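Asks: Let me see the structure of the following:
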Amino acid sequence: MLVKIYGSAVFGIEATTITVEVNIDKGIGYHLVGLPDNAVRESSYRISAALNNNGYKLPGKKIIINMAPADIRKEGASYDLTLAIGILASSNQIQSKEIDQYVIMGELSLDGSLQPIKGALPIAIKAREEGFKYLILPKENAKEAAIVDNLEVLGVDNILEVINHFDNNKKIEPTIVDTRAEFYKHIDFPEFDFSDVKGQESIKRCMEIAAAGGHNIILIGPPGSGKTMLAKRLPSILPPMTLHEALETTKIHSVVGKTKNEGLLYNRPFRSPHHTISNVALVGGGQYPRPGEISLSHNGVLFLDELPEFKRDVLEVMRQPLEDREVTISRAKFTVTYPSSFMLVASMNPSPSGYFNDPNAPITSSPAEMQRYLSKVSGPLLDRIDIHIEVTPVPFDKLSDERKGENSKSIRERVTKAREKQSTRFNDFENIHYNAQMNVKQIREFCKLSEESKQLLKTAMEKLNLSARAYDRILKVSRTIADLDAANNIDSNHIAEAIQYRSLDREGWLG
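Replies: Numbering: from 1, shown residues only. Sure thing, here's the model as predicted:
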């Protein structure tokens, strides 16, 4: 008897429906075709043990299973449940009425219990698009998949629950999530707050500007000056994610299996990879491409601590994603594109010893050593970072001050107002939502300068020997500063402040 049952494969952050055709006929043997990988081929052993341990059996006949389309590689053990139910339906061990209305996915243990799968959200979205009524998958993934409306998500712990559901012995209760209510209920600040930071008012101002315009920022300062502490608190002043951003971010994390039992991600991601990371782990890739750290930090913050310690080739592969806000990974047979619109926050010491022009420092470095250390970070990469700021150590009287600084909630309100102003400005432009995303055309349109401001910028360009890209960065940052001031036009004081935030462009920065 021939039975068709449906599963799903995830490529990039999109899913493709897989038709599993199970035919049981006279003879002997188990034949699985349709470009399965080793994990899928091994499914026969898991299925046989799971069925035997639950009072069912693998038919002693000729079983032919085709997974179509045959030109798409099927990976992983998440097809176990699909194949098992297909075999039971084809051998008349369960009723197969309306089975074509289901997408079924799950990895089987030998006792018949189910392990969670990756990519539940993209699979649910695709199932709804293609008109399926039901999605059966492990209970741990049910909350995530139930974000999708107009689809009944049935979470199960064991294959017996699925068998009883089809035999009408005991129907599975659908998992119901009110996505909007859950989303707005859980929007909250992360555990870190700017009120914990003592002193550093000028750096807080920089972080506020960076958050308001979505600008990349690099913090340069000696050990213990608070660079990491400030970076960890940046997500707390970013505007809350929109529902669209939350869904997009959850899809990426779902593909790598980082949303188990959590459902929708409510807070902006903060990723901080170690400096030993490879370029594939950072931007994504591998034989069967997976998202890297830059995609996992989409709509959030990527923090690179001790930037010069990262391998140079690892940093260089970020240059194109920083500009295009997406990364495309090409293989001979297919190409996948992952979104990577993140805020880059980097930190570094100004010298190998960590101390910069400090006569009281326990260790000092020569200007040549400092230059060699700074040259580990390429000029083109620094050009793509809008704000460079020096972080100085906090004096004792500030550290011992018991008074709390301004909290994240107050800063976030100003940032959100500035972002709203930008959203209105870029309403007619697709994929541009804040100042850092402006291209040359928008910069010329929205960053017009008075003669006084032009003269000031010209002087700075000539004296600091700034590149054309640095010129555009200054204009973008000055536009953000004007937005925070609720000003329609960019004034000379906005330009002057923006110029201050190009520390690493200055000639003679090393003293």
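Asks: Return the set of buried residues in whichever helix or strand residue 23 is part of.
Replies: Using DSSP states H and E, residue 23 sits in strand 14-25. By neighbour count on 16 or more other C-beta atoms under 10 Å, the buried set for strand 14-25 is 14, 15, 17, 18, 20, 21, 22, 23, 24. Bear in mind the C-beta positions are built from the backbone N, C-alpha and C, glycine included.
Asks: where does the stretch 401-511 of the chain dip in pLDDT?
Replies: In the predicted model, the stretch 401-511 of the chain carries pLDDT under 70 at residues 504-511.
Asks: which other residues reach stretch 6-13?
Replies: Under the criterion C-beta atoms under 8 Å, 6 or more residues apart in numbering, residues 15-20, 67, 72, 74-75, 78-79, 82, 100, 102-105, 118-119, 122-123, 126-127, 132, 251-252, 255, 289, 291, 334, 336-339 lie in contact with stretch 6-13.
Asks: If we use 6 Å, what do you get?
Replies: The contact list for stretch 6-13, computed with C-beta atoms under 6 Å, 6 or more residues apart in numbering, reads 15-18, 20, 72, 79, 82, 103, 105, 119, 122-123, 251-252, 255, 336.
Asks: What of stretch 330-339?
Replies: With C-beta under 6 Å, 6+ apart as the criterion, stretch 330-339 contacts 11, 12, 284, 289, 291, 295, 298, 326, 327, 328, 329.
Asks: Would you list the buried entries among these?
Replies: Using 16+ other C-beta under 10 Å, the buried ones in the contacts of stretch 330-339 are 11, 12, 284, 289, 291, 295, 298, 326, 327, 329.
Asks: Max pairwise distance over those residues: which two?
Replies: 11 and 298 (17.3 Å; C-beta to C-beta).
Asks: Now for the chain, the helix or strand with the poorest mean pLDDT.
Replies: Using mean pLDDT, DSSP states H and E, helix 179-186 stands out as the lowest-scoring helix or strand of the chain, at a mean of 68.
Asks: domain parsing for this structure?
Replies: Domain assignment for the chain by automatic domain parsing gives 2-177, 186-425.
Asks: hey, least reliable of these by pLDDT?
Replies: Ranked by mean pLDDT, those end with domain 186-425 in last place, scoring a mean of 85.
Asks: continuing past the strand holding residue 23, what's the next helix or strand?
Replies: Downstream of strand 14-25 (by DSSP H and E), the next one is strand 29-33.
Asks: Looking only at that next one, what residues are buried by neighbour count?
Replies: Result for strand 29-33 [16+ other C-beta under 10 Å]: buried residues 30, 32.
Asks: Could you list every helix and strand in contact with it?
Replies: strand 62-68 (3 or more C-beta pairs under 6 Å, 6 or more residues apart in numbering; DSSP states H and E).
Asks: Contacts made by the strand it packs on with the rest, please.
Replies: Against strand 62-68 from outside (C-beta under 6 Å, 6+ apart): 18-25, 27-34, 74.
Asks: circling back to that earlier point, quick check: of the buried ones among the contacts of stretch 330-339, which lies closest to residue 434?
Replies: residue 298 (14.5 Å).
Asks: how about that closest one, what does it touch?
Replies: 249, 252, 339, 340, 341, 342.
Asks: you'd agree the first one is up against residue 299?
Replies: Yes: here residue 249 reaches residue 299: they are 4.9 Å apart, a contact under C-beta atoms under 6 Å.
Asks: quick one, which of the two is more surrounded?
Replies: Applying other C-beta atoms under 10 Å to residue 249 and residue 299 shows that residue 249 carries more neighbours, namely 25 against 21.
Asks: ok now do the more buried one, which residues does it touch?
Replies: Counting by C-beta under 6 Å, 6+ apart, residue 249 has contacts 265, 298, 299.
Asks: Next, work out how far apart it and residue 118 are.
Replies: 16 Å (C-beta to C-beta, to the nearest Å).
Asks: swap in residue 220?
Replies: In terms of C-beta to C-beta, residue 220 sits 39 Å off from residue 118.
Asks: want to throw the domains of the chain into CSV with distance to residue 466?
Replies: Output for the domains of the chain, formatted as CSV (distance: least, C-beta to C-beta, whole Å):
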stretch, distance to residue 466
domain 2-177, 38
domain 186-425, 9
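Asks: how about the ones you listed, which one is nearest residue 445?
Replies: domain 186-425 (9.5 Å).
Asks: quick one: the closest one to chain centroid distance?
Replies: Mean-position distance between domain 186-425 and its chain equals 13 Å (C-alpha atoms, centre = their mean, to the nearest Å).
Asks: Same check on stretch 458-468?
Replies: Per C-alpha atoms, centre = their mean, the centroid offset for stretch 458-468 relative to its chain is 35 Å.
Asks: Just the CA coordinates for that stretch, please, in CSV.
Replies: The C-alpha trace of stretch 458-468 is given here as CSV (Å, rounded to 0.1, in the frame of the first residue of the first chain):
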residue,chain,number,x,y,z
LYS,A,458,36.3,70.5,5.5
THR,A,459,38.9,71.6,8.0
ALA,A,460,38.6,68.4,10.0
MET,A,461,38.9,66.3,6.8
GLU,A,462,42.1,68.0,5.8
LYS,A,463,43.7,68.1,9.2
LEU,A,464,42.8,64.5,10.2
ASN,A,465,43.3,63.1,6.7
LEU,A,466,39.9,61.4,6.8
SER,A,467,38.7,59.0,4.1
ALA,A,468,35.5,59.4,2.0
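Asks: List the buried residues of that stretch.
Replies: So for stretch 458-468, counting by 16+ other C-beta under 10 Å, buried means 460, 461, 464, 466.
Asks: For the second one, pull up the helix or strand it's in.
Replies: In the assignment (DSSP H and E), residue 461 maps to helix 451-464.
Asks: wait, residue 117 sits on residue 79?
Replies: No: Residue 117 lies out of contact with residue 79 (C-beta under 6 Å); the separation is 9.4 Å.
Asks: Centroid-nearest residue for the protein?
Replies: Nearest to the geometric centre of the chain sits residue 296, at 2.5 Å (C-alpha atoms, centre = their mean).
Asks: Give me the nearest residue to it, chain neighbours excluded.
Replies: Counting by C-beta to C-beta, 6 or more residues apart in numbering, residue 271 is the residue found nearest to residue 296 once chain neighbours are left out, at 5.5 Å.
Asks: Could you tell me how many residues sit around the one you found?
Replies: By other C-beta under 10 Å, the burial measure for residue 271, its neighbour count, is 18.
Asks: so who does residue 487 touch?
Replies: By C-beta under 6 Å, 6+ apart, residue 487 has no neighbours at all.
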